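Student: predicted model and sequence follow; I will ask about them next.
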Amino acid sequence: MSINNSPNVFLDTNANRFQVNIINESRDNNEASQEDVGSDPPHYEETSFTDEAHNKLRISYRPGKRELYDNFLQRGEKTEASLHPYDTHNKMYYLQTFGHNTMDPVPKIDYYRNTGSVSGNKLNRPSLLEIHEQLAKNIAVSTSSVERVANGESTAGDETTASKEEENKTGLVKFGWVKGVLVRCMLNIWGVMLFIRLSWIVGQAGIGLGIIVIALSVVVTTLTGISMSAICTNGVVRGGGAYYLISRSLGPEFGGSIGLIFAFANAVAVAMYVVGFAETVVELLKESDTIMVDESNDIRIIGTITVVCLLGISVAGMEWEAKAQVILLVVLLIAIANFFIGTVIPTNNEKKARGFFNYQASIFAENFGPDFRDGEGFFSVFAIFFPAATGILAGANISGDLKDPQGAIPKGTMLAILITTVAYIGVAICAASCVVRDATGNINDTVVSGMSCNGSSACNLGYDFSRCRNQPCDYGLMNNFQVMSMVSGFGPLITAGIFSATLSSALASLVSAPKVFQALCKDNVYKGLHFFAKGYGKNNEPIRGYVLTFVIAMAFILIAELNTIAPIISNFFLASYALINFSCFHASYAKSPGWRPAFRYYNMWVSLFGALLCCGVMFVINWWAALITYAIELFLYIYVTYKKPEVNWGSSTQALYYINALDSALALTAVEDHVKNFRPQCIVLTGAPMIRPALLDITHTFTKNNGLCICCEVYTGSRKLCVKEMNSGMAKKQAWLTKNKRKAFYAAVAADSFRDGVKSLLQASGLGRMKPNTLVIGFKKDWRNAAASQVENYVGVIHDAFDFELGMIIVRISQGFDITQVLQVQEELEKLEQERLALEATIKENDFEEEKSGICGFFGKARKLSISKHETKKESTINTIQSMHMGEFNQKLLEASTQFKKKQGKGTIDIWWLFDDGGLTILIPYILTIRKKWKNCKLRIFTGGKANRIEEEKLVMASLLSKFRIKFADINIICDINMKPNKESWKFFEEMIEPYRLHESCKDITTAEKLKQETPWKITDAELEAFKEKSYRQVRLNELLQEHSRAANLIVLSLPVARKGVVSDYLYMAWLEILSKNLPPTLMVRGNHKNVLTFYS
């Protein structure tokens, strides 16, 4: 490493700015070491952010010297006093990025880790707000900042070293792709089928169809392997195998269902493989006549001993298990080699009599075609062979114990499939080229002279096996399951191979089941199973899972009918394969930017074909087992969906939800609105939704499952504080809506005024056709005490809604909507309750210590007495505070805030449909009556009319409502709406508006003009006189409402419209106040005067 620099750079303590640009670092080391001063060596070009020459630094290091350079930086003493200005990649590197004092960090993997990552610590980069504010204020690096960064940051080299030291210290065992994946997959794929069933399969199907059977099985496993490779290379893979891959791709619903049955399948597979091993041992005992009890009980005894031994190996640790697997693989390979060697060893008369003649073209030709017997066919033979091709997930199932799962799983799995496929095809062809289908085993069955062979290869080779056509024979491909032992050079090695195949598969399943189950339990998808999530030792071994797997395996060894359960197990594995393929297809189809697998040799349609092929194979193998598998999976899927575990893995299901929503929204924009499809889509000015729950509840009642509902909040004040508060509360408030089952969105804006904020919401809310068409707002109960600007903003919002052609609903309840006081009291009481619980815990601890005897016990009693007194004092304080708050606690306000959540009893919804606004005034109450909580309420219609035409008006209204198909209980024609109100009511109205009147007629013109300029919001005498009739009407309407609708459950009333710029804000508020005063819950509704009802079909 060389540092080329101007002579005085290191002497200048103020030199603090440079930039490093890579020009070339590919020169040879030797060339670099011999460079001359006068030459132009490869170097790091120096650039400067300033014009000062002494602020330039040139750093040049040669290829292979980077580590030396890093070590140089890391070994430097970085104390507060010696913070070097040139250290751009040290512990404080983001304070000195490119030589600048800046919070902006360079890219680093630790910023992208998950919290709790085992491969490194997650670091938090500075927020955008921090960077934005810091740059704006030009704050220099402070000591506290240095300390904060130094404590929270470290270089990649430091952490890598720390990680390696941790690994060495704990002795954590991680496997490479050969021992971890290739060996396991080969052992699991090569099973007993290779030694005792493959010869029968090729005898039934012939060489041609036999290869097709093997190839079809391999197609299924290869497609699954390709899909699994794509998923594995799309991010870091943790422990859990198939469960982890499926759950992270398709979500907990699919992952949770398949994870449970896959773990169970592996546990039962242990029993199946162990029983296969025990049966072979019992066969050997029979030959030597050393049966212990009887065949069945001997299988149980040997199976139990075997499972205990395998459990011991597994519990001893993954390292011991891996060593055992390697030994078993060596035995298996020797057994397979032994077979191939045996095919070229010259045969003898005894083997010839059993059908083995070495390689013969005539035998190959005779065995090439199929010869299905005993009701067998292509698919039945395929169903028998296919389980031999499974086992490709053996490596993936221990993904948590691999050094590099992303690289190891694809490489090891695909190579294992290739090697085992070649072995299966090789054994099948060799066996079918050496051994005839039928043989008697009698060395005297030779060809008699003059006998016609009729094309029989055995006959041409000198043996007459013709009697096998009429009676069963014991030898040949079709009859003898021990063909490989007969052909092999040394028969006992094949038996050793069978032992190796069964034990290795059992061991792999015994390890896989607990690992998958532990990952499932850790995710807490099924809360009752969390007990099994705990791991032990350096490798986090699932000891509890091992015990559970052992119990399941023992149960099936002792009591289960394995011939019945075997097809279900095969189908469980196939269901996993199908979902892995579907996961790859689904992730590709969702087109999420996060789907970026490093493994490129996949195609989503090929993956879909693989998924369908797996489903088809399930039914080919056993249709009823396939149905049982689907039923169990469906049940678990529904269960997990219902429980909704609190996890978010960024599954492709979420991505597809977004794609579908986006496509639907775009498709909706191409469809013209039609009156028949009109639905209220509301912006509700609730503020924080939990503060005005009643306003949200009444709106939610007529928008739930029917229309859009957006709860909106406007932040006013300091923009910086508002934006910070708004951003921090968005997720919390949306979560509150979700938790309280409110089908609504939350939106917030920061604005200079309430009206500006609402104006922004009215214009920008919604998406395409899903835009709000109605504004819902609570009545401003405190308008008489509020500042004039607040009243102006409130009325201005109503004007803005009409300007943007939105419907308007103003809701009023007697107690008001804001329950901030209630929430504050509840929060304070919760804190006091937590203090009380903490105090009780302290007392219990002291009671435990008090058990000491002697003088210690005496002082313990004294301490208890002291604490008891403290507790009494504390509780009395709590009670005092509670009683004090209960005195202030507005019980009526709390009840009012929940009144729309309750089921409404029998009553009425009174609709005062005074003005035709397009039908919104009648549509809202109709929607309410079809809701469960309001279905017992009847609609009563009130409308204006003439006294001499009451019956005609009723008939007209009844006809209109019947055409709209809206049921009603009664129609009332109000004839005296335009009568003057009584004196008391009018006097109350005048007294109410008195503080807001200008009274300019009582003053001279100059004074009056001055007052108008100073208080433009006041009600002038001219205005009051001009709208006197309208004021009379509002007061009179309240009298009529008191008379007719005082007992209604809800009143829906036509909202009066104030002409913009003509009617003052305070006069309009007075109209709304007097109109809705002292009434049941009231909705003042005004549509946008466009039809929302139609009588056409």
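Tutor: Structure's in. What do you need?
Student: excluding chain neighbours, what is closest to the residue most central in space within the chain?
Tutor: Centroid-nearest residue in the chain: Asn648, 3.0 Å away (criterion: CA atoms, centre = their mean). Closest residue to Asn648 apart from its sequence neighbours, by CB to CB, 6 or more residues apart in numbering: Gln654 at 7.9 Å. For every residue, glycine as well, the C-beta is placed using N, CA and C.
Student: could you report the separation of the residue lying closest to Ser199 once chain neighbours are set aside from Phe599?
Tutor: Ranked by CB to CB, 6+ apart and with sequence neighbours excluded, the top spatial neighbour of Ser199 is Val483, at 3.9 Å. Distance, Val483 to Phe599, by CB to CB, to the nearest Å: 39 Å.
Student: dump stretch 210-220 to PDB, restricted to CA.
Tutor: Taking Å, rounded to 0.1, in the frame of the first residue of the first chain, the C-alpha atoms of stretch 210-220 are listed here in PDB:
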ATOM      1  CA  GLY A 210     -39.400 -48.800 -17.700                       C
ATOM      2  CA  ILE A 211     -37.100 -46.000 -18.800                       C
ATOM      3  CA  ILE A 212     -40.200 -43.900 -19.400                       C
ATOM      4  CA  VAL A 213     -41.500 -44.700 -15.900                       C
ATOM      5  CA  ILE A 214     -38.200 -43.600 -14.500                       C
ATOM      6  CA  ALA A 215     -38.000 -40.500 -16.700                       C
ATOM      7  CA  LEU A 216     -41.600 -39.400 -15.800                       C
ATOM      8  CA  SER A 217     -40.700 -39.600 -12.100                       C
ATOM      9  CA  VAL A 218     -37.500 -37.700 -12.700                       C
ATOM     10  CA  VAL A 219     -39.500 -35.000 -14.700                       C
ATOM     11  CA  VAL A 220     -41.600 -34.400 -11.600                       C
END
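Student: which parts of that stretch are buried?
Tutor: Of all the residues in stretch 210-220, those buried under the rule 16 or more other CB atoms under 10 Å are Gly210, Ile211, Val213, Ile214, Leu216, Ser217, Val218, Val220.
Student: what of stretch 1034-1050?
Tutor: Under 16+ other CB under 10 Å, the buried positions of stretch 1034-1050 are 1034-1041, 1044-1045, 1048-1050.
Student: nearest to Leu1079 among these?
Tutor: Ranked by distance to Leu1079 (CB to CB), the buried residues of stretch 1034-1050 are led by Leu1041 at 5.8 Å.
Student: picking up where we left off before, which of the buried residues of stretch 210-220 fall within helices?
Tutor: Counting by DSSP state H, the buried residues of stretch 210-220 place Gly210, Ile211, Val213, Ile214, Leu216, Ser217, Val218, Val220 in helices.
Student: let's have those residues in CSV, adding pLDDT.
Tutor: Listed next are those as CSV, based on pLDDT from 0 to 100:
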residue, pLDDT
Gly210, 92
Ile211, 93
Val213, 91
Ile214, 92
Leu216, 91
Ser217, 90
Val218, 92
Val220, 91
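Student: quick one: which of those is nearest Pro981?
Tutor: Val220 (85.1 Å).
Student: could you measure from that closest one over to Gly369?
Tutor: Using CB to CB, one gets 25 Å for the distance from Val220 to Gly369.
Student: repeat that for Trp595.
Tutor: Separation of Trp595 from Gly369 (CB to CB) stands at 47 Å.
Student: and these two? Which one has more around it.
Tutor: Trp595 (20 against 11; other CB atoms under 10 Å).
Student: name the SS class of that one, please.
Tutor: Following DSSP: H, G, I helix; E, B strand; the rest coil, we place Trp595 in the coil state.
Student: specify the local secondary structure of the nearest residue to it once chain neighbours are set aside.
Tutor: Leaving out its chain neighbours, the residue that sits closest to Trp595 by CB to CB, 6+ apart is Ala587, at 4.7 Å. The assignment at Ala587 comes out as helix when based on three-state DSSP.
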